[in-house]
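Participant: Predicted model and sequence follow; I will ask about them next.
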Amino acid sequence: MMPLTLATVGEEVRLVDIRGGQDLRKRLADLGFNIGMTLRIVQKDVNGPMILAVKDSRMVLGRGMAQKVMVELN
């Protein structure tokens, strides 16, 4: 298990935990993030946000949020 920020571009990972408060969990759930779902890293900059492919769409997560999303390689 590792933070989403450690995944590399092109990797597919599975969401295993969200290590944040209730507000962060609710916000990510509202965006469609669920435990067990598969994410693919599309773009990752050193200090910028991450772009993720989720199902048939793309989402952008800031570094702070991405650091609290725990994933494992698929």
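Facilitator: Okay, I see it.
Participant: Check the residue in the chain sticking out farthest from the centre and give its pLDDT.
Facilitator: Largest separation from the mean C-alpha position in the chain: residue 22, at 16.6 Å (CA atoms, centre = their mean). Listed pLDDT for residue 22 reads 95.
Participant: So what sits opposite residue 44 in the bridge?
Facilitator: Residues in a beta bridge with residue 44, per DSSP bridges, are residue 50.
Participant: Who are the contact partners of residue 13?
Facilitator: 4, 7, 38-41, 71-74 (CB atoms under 8 Å, 6 or more residues apart in numbering). C-beta here means a position set from N, CA and C on the backbone, and glycine is covered the same way.
Participant: Secondary structure class of it, three-state.
Facilitator: In terms of secondary structure, residue 13 is strand; the call rests on DSSP: H, G, I helix; E, B strand; the rest coil.
Participant: contacting residues for residue 28?
Facilitator: Counting by CB under 8 Å, 6+ apart, residue 28 has contacts 18, 65, 69.
Participant: cutoff 7 Å now
Facilitator: By CB atoms under 7 Å, 6 or more residues apart in numbering, residue 28 lies in contact with residue 18.
Participant: that older thread, in JSON lines, list the contacts of residue 13 along with secondary structure, distance to residue 47 and pLDDT.
Facilitator: Output for the contacts of residue 13, formatted as JSON lines (DSSP: H, G, I helix; E, B strand; the rest coil; distance: CB to CB, whole Å; pLDDT from 0 to 100):
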{"residue": "4", "secondary structure": "helix", "distance to residue 47": "15", "pLDDT": "96"}
{"residue": "7", "secondary structure": "coil", "distance to residue 47": "16", "pLDDT": "96"}
{"residue": "38", "secondary structure": "strand", "distance to residue 47": "26", "pLDDT": "96"}
{"residue": "39", "secondary structure": "strand", "distance to residue 47": "20", "pLDDT": "95"}
{"residue": "40", "secondary structure": "strand", "distance to residue 47": "21", "pLDDT": "97"}
{"residue": "41", "secondary structure": "strand", "distance to residue 47": "16", "pLDDT": "97"}
{"residue": "71", "secondary structure": "strand", "distance to residue 47": "20", "pLDDT": "98"}
{"residue": "72", "secondary structure": "strand", "distance to residue 47": "25", "pLDDT": "97"}
{"residue": "73", "secondary structure": "strand", "distance to residue 47": "24", "pLDDT": "95"}
{"residue": "74", "secondary structure": "coil", "distance to residue 47": "26", "pLDDT": "85"}
